[in-house]
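Peer 1: next one to model:
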Amino acid sequence: MHYRKPVLAALLLIFTSLFACNSSEIGESKDVNQDKIYMDYHIAYTEGDDQVALNFQYRFAGAAGTTLVLNNPSQVILDGEILKVDSSKYGGAFYTVNKNHHTFLGKHNIQFTDINGKHFENSFVFAPFTLVNLPATADRNKDLVVSFTINGLNAADDIEINSVDTDSSFHYHQSGTNTSATIPALDLKRQKNADVSFEATIYRKIPLTQTTAEGGTLQLTYRLKPVKIKLQP
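Peer 2: Now for the predicted structure:
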């Protein structure tokens with residue numbers, strides 16, 4: 001399969017961050033206790049890309065456990081599409097698919113079936129994440145408030161603001177339902193350039209309603225393109 005570079009970059013970002021401490025060993029689901037299968041779901045998108053990258057894994061005995069190939073009749077289905085297994089030296093066994101960003105907006109369903117034919121259904125909403133009311137200029141001597149919008153912000157959401165292309169970097173987290181984050185005037189004053197550039201990313205943990213006794217997670221990473229604001233003296 002041939003990936004566009006942005007999609008491949010998103011997948012590599014997922015694999016690099018996740019597989020560094022997780023097992024890349026591969027087993028078969030028929031050989032393990034089905035109640036000990038952990039569901040590990042990840043969705044990644046970068047603003048401007050055509051595709052959303054989805055990566056599903058099933059692990060034995062927890063988030064860092066051995067990756068599993070699902071043996072028939074065990075399978076994973078996304079919105080009616082049966083996903084095929086793939087593998088890598090560093091990632092183990094995984095089920096990936098790429099979806100068009102525009103058509104993927106909205107509600108989706110993941111159905112995992114274990115070797116005994118038991119179904120576990122979970123749904124999620126892929127919603128647009130945007131910055132709003134962003135000023136063209138900002139005063140170096142005043143805090144800069146960055147406002148954003150995404151459907152249904154919750155306590156588990158984490159918004160990151162990171163500086164881009166500067167020798168006076170800054171990094172902020174905004175957790176919970178607050179729809180804005182603040183870049184203090186102190187950091188604006190330290191910028192040597194005539195403008196400030198930064199990017200925003202949301203890390204969203206979506207609860208799974210149906211899991212095995214071992215549990216599981218679903219995490220969405222949605223990264224916006226960097227923005228630039230002119231700084232006034």
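
Peer 1: which residues touch T113?
Peer 2: Applying Cβ atoms under 8 Å, 6 or more residues apart in numbering to T113 gives the contacts 73-77, 119-120. The way it works is simple: take the backbone N, C-alpha and C, and place the C-beta from them, glycine included.

Peer 1: so which elements touch the strand or helix carrying T103?
Peer 2: Assigned by DSSP states H and E, T103 belongs to helix 101-104. With contacts taken as 3 or more Cβ pairs under 8 Å, 6 or more residues apart in numbering; DSSP states H and E, helix 101-104 sits against strand 51-60.

Peer 1: domain ranges for the protein, per the record?
Peer 2: For the chain, automatic domain parsing gives the domain ranges 5-127+204-223, 130-201.

Peer 1: mean confidence for the first one?
Peer 2: Okay, so that is domain 5-127+204-223. For domain 5-127+204-223, mean pLDDT rounds to 90.

Peer 1: so how far is that domain off the chain centroid?
Peer 2: 11 Å (Cα atoms, centre = their mean, to the nearest Å).

Peer 1: could you do stretch 140-150 as well?
Peer 2: 23 Å.

Peer 1: how near is R204 to E160?
Peer 2: Separation of R204 from E160 (Cβ to Cβ, to the nearest Å) stands at 12 Å.

Peer 1: and the two? Which one has more around it.
Peer 2: With neighbours defined as other Cβ atoms under 10 Å, R204 and E160 compare such that R204 has more, 22 against 18.

Peer 1: so how many other residues sit close to G65?
Peer 2: G65 has 22 nearby residues by other Cβ under 10 Å.

Peer 1: same deal with the one 3 residues further on?
Peer 2: Under the neighbour criterion other Cβ under 10 Å, L68 is assigned a count of 25.

Peer 1: for it, phi and psi?
Peer 2: Here is the backbone geometry of L68 (degrees, to the nearest 10): phi -120, psi 140.

Peer 1: Q34 now?
Peer 2: According to degrees, to the nearest 10, Q34 has phi -60, psi -30.

Peer 1: any idea what sits nearest it, other than its immediate chain neighbours?
Peer 2: In this structure, Q34 finds its nearest non-sequential neighbour in D114, 4.4 Å apart by Cβ to Cβ, 6 or more residues apart in numbering.

Peer 1: so N122 bridges to which residues?
Peer 2: I110 (DSSP bridges).

Peer 1: for it, which residues are in contact?
Peer 2: Going by Cβ under 8 Å, 6+ apart, the list of residues near N122 reads 39, 41, 109-110, 208-211, 218.

Peer 1: out of those residues, which end up buried?
Peer 2: Buried residues within the contacts of N122, counting neighbours by 16 or more other Cβ atoms under 10 Å: 39, 41, 110, 208, 211, 218.

Peer 1: assign the second one to helix, strand or coil.
Peer 2: Yep, that's Y41 we're talking about. Judged by DSSP: H, G, I helix; E, B strand; the rest coil, the three-state class of Y41 is strand.
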